[in-house]
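**Student:** Need coordinates for the following:
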Amino acid sequence: MRKKELSFLVTFHTTTGAMAMEKYCHEHGVMGRLIPVPREITAGCGMAWKAPIEKKEEIQLLIQKEKMDADGEYEIEC
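**Tutor:** Predicted coordinates for the structure are as follows:
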């Protein structure tokens, strides 16, 4: 079983928004990956971007700058 660690999650209104985040991050070397939204959280499309907690500010700035379709932001152990 994988050890749970504090992570930064971003949820999205749509699957298209989640996939746009994934594409942008992969093209620009931003750490993270798409995961199913954990049960503790409810979100529009059911997908979330998971990144190390240390990358929280970088991800928040990226969302604002690129006007990503973010629904919510969470700090959660997963």
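**Student:** How about the residue most central in space within the chain, nearest residue that isn't a chain neighbour?
**Tutor:** With distances taken as CA atoms, centre = their mean, the residue of the chain nearest its centroid is Trp49 (2.1 Å). Among residues not flanking Trp49 along the chain, Val10 sits closest, at 4.4 Å (CB to CB, 6 or more residues apart in numbering). Every residue, glycine included, has its C-beta placed from N, CA and C.
**Student:** how far away is the one you found from Lys4?
**Tutor:** 18 Å (CB to CB, to the nearest Å).
**Student:** So for those two, which sits in the more crowded spot?
**Tutor:** Val10 (26 against 9; other CB atoms under 10 Å).
**Student:** for the protein, which spans come out with low pLDDT?
**Tutor:** 43 (pLDDT under 70).
**Student:** Can you name every helix or strand that the helix or strand hosting Gly17 contacts?
**Tutor:** Element membership of Gly17 [criterion: DSSP states H and E] is helix 15-27. Helix 15-27 makes packing contacts with strand 6-12, strand 33-36, strand 47-52, helix 56-66, strand 70-77 when contacts are defined by 3 or more CB pairs under 8 Å, 6 or more residues apart in numbering; DSSP states H and E.
**Student:** Please verify my assumption that the residue nearest to Trp49 contacts Gln64.
**Tutor:** No: contact status for Val10 versus Gln64: not in contact, 11.8 Å apart, counting by CB atoms under 8 Å.
**Student:** now His71: how far from Lys4?
**Tutor:** Quick fix: residue 71 is Asp, not His. Taken as CB to CB, the span from Asp71 to Lys4 is 23 Å.
**Student:** before we move on, what about Ile76?
**Tutor:** Going from Ile76 to Lys4 by CB to CB gives 9 Å.
**Student:** how close does His26 get to Ile59?
**Tutor:** Taking CB to CB, one finds His26 at 14 Å from Ile59.
**Student:** And those two? Which one has more around it.
**Tutor:** Ile59 (23 against 11).
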